[in-house]
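# Need the 3D shape of this:
(chains A, B and C, ligands or ions: 2)
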Amino acid sequence: MTDRDMIVCRCEEVTYGELTDTAEKFGCTSRELKLRTRAGMGYCGGRTCRSLVDAIALAATERDVTQITLKYQPPVRPVHFGDLGVITND
Amino acid sequence: MTERILEHPVLGSLEAGKTVTFTFNGLEYEGREGEPIAAALLAAGVRTLRHHEESGKPRGIYCNIGHCFECRVEVDGIQGVRACLTPVRDGMAVRESGVLPSPVRDWRKNNA
Amino acid sequence: MRDLIIIGSGPAGLTAAITAAEHGLDVLVLDEYHKPGGRLLGQLYEEPGGTWWNGIEESRKLAERAGVLGLDIRLGKSVHNIEQVNSSWLVHADCETFEAKSLLLATGAAEAPVAIPGWTLPGVMSVGAAQVMTNVHRVKPGKRGVIIGVNVLSSAIAMELKIADIEVAAIALPKTNQVNGSASNPTEVMNALLHVSHMAPSLFVKMGSKLMKNDFMKKMGITFYPKNGVRMWDIPVMLRKAVIRIEGTDQVEGVTLATVTADGKVIPGTEEVIGCDFVCIAGGLYPLAELAALTGCPFYHINELGGFVPLHSQDMRTPLDGLYVAGNITGIEGAKVAMSQGKTAALSIAKDLGQDIADTSLSEAVRQISSTRTDAHIQFHPEVDAGRRKLQEYWDLHDAEKRKVMV
Ligand SMILES: Cc1cc2nc3c(=O)[nH]c(=O)nc-3n(C[C@H](O)[C@H](O)[C@H](O)COP(=O)(O)OP(=O)(O)OC[C@H]3O[C@@H](n4cnc5c(N)ncnc54)[C@H](O)[C@@H]3O)c2cc1C
Ligand code: FES
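Ligands and ions are numbered 1, 2, ... in the order given. Below you'll find the predicted structure:
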């Protein structure tokens, strides 16, 4: 297995090659990189690969240390639709 | 095959506990009551808990504390249960959910 | 409505719950793990003076005290969302919603990985996973392991594996790539290790820290670092070898190591395969602050604290009414610091809810956090004090802004 084929985001199986190519092509921020590749958007919510994806994005952009709000979306743990109260039975 | 640590020089000997019987993918296993499914399976030499829903590649525990969801299995019909923090119970039926058809990725592969 | 909900039953959350209950507050503790204690459970090390810090025992003591106080602790409850509605906090856990006047986030830390080809194979786990398997569940993660990543946590856990009679074939660096950063650079890793020399993981490090006060000596040190590593508790610590691949078809069968230059470049032709049945990934810890991020709380990235941390004061208040933080969510430190932060948070909360808390007891609690920090046996970042000062400056700035708005 080469580095390019190495998985970075375990949930969505996004590879190192996909991420570095996308970062290079679009010079994108971490958030944009995630949206373009789906890295960090899977089951675990990016808890595992976040720092890796950030590192790739940071090679192309500067870190904003005073990022006033960190971007996270609820739910931070996967929930069954029924549990969210979205589905009612009547 | 891994083993249980029965004697530990600092933590002492493993307390005697109740044994429970559960199944994983239809096969019967024994575990210690109160321990997580993943620990019981590892003690029985089982590392692979699921296959990736799209690629079918084998996966086991990664973080062991509920963060990564790599250990997700189906327990008594409920999907997405983390084997690393769900205690085994007598009669529990654990199975992997299997590989899913993935229209989005297949579409992306051919079109994007 | 309850006075307080605490998310996380680690050392910070449990200590806060106990202190709050002692001051008459009505408290609910939620945790997704099946045992109280959080990451304290897996900890095991010898303290200077020869006593053991036994995390299971410490967790049991905390849980016992909580039991005596009749605390409501609900385990196996994952919180997936929190929101502030009017002047109360709603906490959504699985299919239930709980409500309280104040909310304390004590969700601790998570492990950051390093990425190596093959790291998704069964048998590859985070180093913390191996710690919990070994010390908490008492199941060996495998017969023979390789640890990738040389840092404070991985050296501590390597020793714990050794105590449990599990063979650690090597601790080595991860290979260099865009994501592994300084963890794959021998010189930088050596530097970081020398800073924690008070932990004295080996005589070598202890002596090394004295010898290598200047850069030239450090460079020499890493250049002449023995290729097969220095043995620490009989485990080879390889600063000049990196794991370039994890081998195996259905599960881990071994790793491929290669010799690297002082700045981490693989020297071609030096590859060798060593057999093992498990691999630990040790990329360090970062504050698990996702729930705070849902509230709009301001965040700052502070390297010395391990990453992005929610803005908070020394007495554990955030800028949001009724929202508090304690423990590793505020920065990566040991369990004793987390406990003293938990106590401080509870006093702040009790005070804000109108309980009679003397200013002196609160300032004494804040002082205790610093003294615990100074005496800490385990320190994850040598400059943690500087990190805390940076955060305090951000807080002061924020406070001044708020006052301006108010006049
Ligand atoms: C894997 C690992 C190993 C460590 N090993 C050591 C060590 O050997 N020595 C050392 O000094 N320090 C170690 N640490 C650092 C450790 O974080 C501190 O020592 C201390 O445990 C921090 O206490 P805490 O109360 O802040 O958080 P924790 O002890 O981490 O407790 C947080 C609790 O919050 C719960 N939680 C988190 N999110 C949610 C949610 N959304 N819903 C419900 N519950 C939630 C978790 O299940 C956990 O029980 C380790 C950390 C990690 C992550
Ligand atoms: S192993 Fe990570 S969630 Fe279970």
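# switch to C-alpha atoms for all contacts and neighbour counts from now on
Fine.
# can you give me the helices in the stretch 251-400 of chain C?
Along the stretch 251-400 of chain C, the stretches classed as helices by DSSP state H, counting those that start in this stretch are C:290-293, C:335-352, C:359-375, C:384-406.
# rank the ones you listed by pLDDT, which is bottom?
Lowest mean pLDDT of the helices of the stretch 251-400 of chain C: helix C:384-406, a mean of 91.
# and that helix, which residues are buried?
By neighbour count with 16 or more other CA atoms under 10 Å in any protein chain shown, helix C:384-406 contains the buried residues C:384, C:387, C:388, C:390, C:391, C:392, C:394, C:395, C:398.
# quick check, nearest of the residues you listed to ligand 2?
Using CA to the nearest ligand atom, residue C:384 is the member of the buried residues of helix C:384-406 that lies nearest ligand 2, at 28.0 Å.
# how about the nearest residue to the closest one, chain neighbours excluded?
residue C:304 (5.2 Å; CA to CA, 6 or more residues apart in numbering or on different chains).
# OK, contacts around the one you found?
C:331, C:381, C:382, C:383, C:384, C:386, C:387 (CA atoms under 8 Å, 6 or more residues apart in numbering or on different chains).
# run the last query once more with 10 Å
Going by CA atoms under 10 Å, 6 or more residues apart in numbering or on different chains, residue C:304 touches C:331, C:332, C:380, C:381, C:382, C:383, C:384, C:385, C:386, C:387, C:388, C:390.
# and if you look at residue C:164?
Contacts for residue C:164 (CA under 10 Å, 6+ apart) come out as B:5, B:6, B:7, B:8, B:9, B:10, B:11, C:134, C:135, C:138, C:139, C:140.
# can you do 6 Å?
Residue C:164 sits next to residue B:8 when contact means CA atoms under 6 Å, 6 or more residues apart in numbering or on different chains.
# Could you measure from it over to ligand 2?
Residue C:164 is 21 Å from ligand 2, where distance means CA to the nearest ligand atom, to the nearest Å.
# phi, psi of that residue?
When read as degrees, to the nearest 10, the backbone of residue C:164 gives phi -80, psi 10.
# helix, strand or coil for the residue nearest the centre of chain A?
The centre of chain A sits closest to residue A:40, judged by CA atoms, centre = their mean, with a distance of 2.3 Å. Of the three states, residue A:40 takes coil according to DSSP: H, G, I helix; E, B strand; the rest coil.
# Excluding chain neighbours, what is closest to it?
Here the residue nearest residue A:40, using CA to CA, 6+ apart, is residue A:46, at 3.8 Å.
# Now do the SS call for that neighbour.
coil.
# residues near it, how many?
Neighbours of residue A:46 under the rule other CA atoms under 10 Å in any protein chain shown: 23.
# State the distance from it to ligand 1.
When residue A:46 is compared with ligand 1 (using CA to the nearest ligand atom), they lie 14 Å apart.
# before we move on, what about residue B:22?
Relative to ligand 1, and taking CA to the nearest ligand atom, residue B:22 is found at 25 Å.
# Residue A:72 now?
According to CA to the nearest ligand atom, residue A:72 and ligand 1 sit 13 Å apart.
# related to what we said a few turns ago, and the residue nearest to residue A:40, what pLDDT?
93.
# same question, the one 3 residues further on
On pLDDT, residue A:49 comes in at 95.
# and the residue nearest to it when sequence neighbours are not counted, bridged to which residues?
What sits nearest to residue A:49 in space, not counting adjacent residues and going by CA to CA, 6+ apart, is residue A:9, at 5.5 Å. Note on residue A:9: beta-bridge partners residue A:14, judged by DSSP bridges.
# burial count for residue A:9?
Other residues close to residue A:9 by other CA under 10 Å number 28.
# Could I get the contacting residues of whatever residue of chain A ends up closest to ligand 2?
Of all residues in chain A, residue A:44 sits closest to ligand 2, at 8.1 Å by CA to the nearest ligand atom. Contact analysis of residue A:44 by CA under 6 Å, 6+ apart lists B:68, B:69.
# do you know how far it is from residue C:282?
19 Å (CA to CA, to the nearest Å).
# cool, and residue C:386?
Separation of residue C:386 from residue C:282 (CA to CA) stands at 24 Å.
# Ok, residue C:163 next?
Residue C:163 is 19 Å from residue C:282, by CA to CA.
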